[in-house]
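[1] output the structure for:
(4 chains)
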Protein chains: 2
Amino acid sequence: MNEFCECNIIHKEIVTKIQKNFPKEETIINLAELFKVFGDSSRMKILCALMEEELCVCDLSYIIGSTPSATSHQLRILKQAKLVKYQKRGKVVYYSLDDHHIKEIYEKGLNHVEEI
Amino acid sequence: MNEFCECNIIHKEIVTKIQKNFPKEETIINLAELFKVFGDSSRMKILCALMEEELCVCDLSYIIGSTPSATSHQLRILKQAKLVKYQKRGKVVYYSLDDHHIKEIYEKGLNHVEEI
DNA sequence: CTTTCATATGAATATTTATTCATATATTCA
DNA sequence: TGAATATATGAATAAATATTCATATGAAAG
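    Take a look at the predicted model:
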């Protein structure tokens, strides 16, 4: 697995034990990707707003204090992560949350933040 | 609040309602910062490993397949985010989780990832 | 006290990423 | 059909970030 660590392995049995139940590389990458999407204040604001109710791009732009263009770019990232979905009505596109875990993740994060 | 959005605000009452209970800017930034720390596969691996038990930098480097130097840089970020703590015994520094919310955040994230 | 080893750190580099700007698409309304 | 509007998109720029490399620190062992 590893050619990189130039120190001696100090605790071989412990390392082996950890490796045994370690999540698959793909799982780790997907998890990191997910949290990366949460890890931007513009996207966090979008998610916060959409937790209240569905909103169009224009409303979202106004709420998060950004341009519709920048907002649209961020919405694409949220969409790719399957965190939001959209519905077009006329000219207007309405976005809403697409996952019931979002609020949970948000709240757990909030717990950490508020304890610091 | 906003000079940037060049479209007309379509739903003024809804926007006002959202703004009413909207988290403080600082809260949003802190939350995004927290999730940003989770949003890197090296750090995610470190956290996964430390969920099992405390580990030294060398063991961690080996497990995540990186150099002690890179690992140490990442550990500093995790430390600054108050996600890990350390204890020095002799030459060796042992890191462990410093927050009971980590596992919860991790698991909620996992739920999302596994449903895709 | 000198060497060795585990870890930390600073600077440099390479990569990623957010935003902006210009432009495209698509829908409504005149 | 043509103008206006909401949103999307691609390219460019600017900023943030991960890793590497060289070096520093600090503890233990000889």
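[2] which parts of chain A sit against DNA strand C?
    Within chain A, the positions near DNA strand C by CB under 7 Å from any atom of the strand are A:7-8, A:10, A:36, A:40, A:42-43, A:66-67, A:69-70, A:73-74, A:77, A:88, A:90-91. C-beta coordinates here come from the backbone N, C-alpha and C atoms, glycine included.
[3] quick one: the helices in chain A?
    Assigned by DSSP state H, the helices in chain A fall at A:12-20, A:25-38, A:41-52, A:57-64, A:68-80, A:101-114.
[4] for DNA strand D, tell me which of the residues of chain A next to DNA strand C show up nearby.
    Within those, those near DNA strand D by CB under 7 Å from any atom of the strand are A:69, A:73, A:91.
[5] now for the second one, how many residues are close by?
    Residues lying near A:His73 (other CB atoms under 10 Å in any protein chain shown) number 12.
[6] re the thing from before, most neighbours per residue, which of the helices of chain A?
    Comparing the helices of chain A by mean neighbour count (mean count of other CB atoms under 10 Å in any protein chain shown), helix A:57-64 ranks first with a mean of 24.
[7] what angle sits between it and helix B:12-20?
    Compare the direction of helix A:57-64 with that of helix B:12-20 by axes from the mean of the first three to the mean of the last three CA atoms, to 10 degrees and you get 30 degrees.
[8] A:Ser96 reaches A:Met51, doesn't it?
    No: A:Ser96 is beyond contact range of A:Met51, at 9.8 Å (criterion: CB atoms under 8 Å).
[9] can you tell me how far A:Arg43 sits from DNA strand D?
    Distance of A:Arg43 to DNA strand D, computed by CB to the nearest atom of the strand, to the nearest Å: 13 Å.
[10] please apply the same query to A:Ser41.
    Separation of A:Ser41 from DNA strand D (CB to the nearest atom of the strand): 10 Å.
[11] then A:Val15?
    As judged by CB to the nearest atom of the strand, A:Val15 and DNA strand D stand 19 Å apart.
[12] for A:Pro23, same thing?
    Per CB to the nearest atom of the strand, A:Pro23 is found 17 Å from DNA strand D.
[13] need the contact list for that residue.
    Neighbour list for A:Pro23: A:31, B:48 [criterion: CB atoms under 8 Å, 6 or more residues apart in numbering or on different chains].
[14] A:Tyr62 versus that one, what's the distance?
    From A:Pro23 across to A:Tyr62, the span is 40 Å (CB to CB, to the nearest Å).
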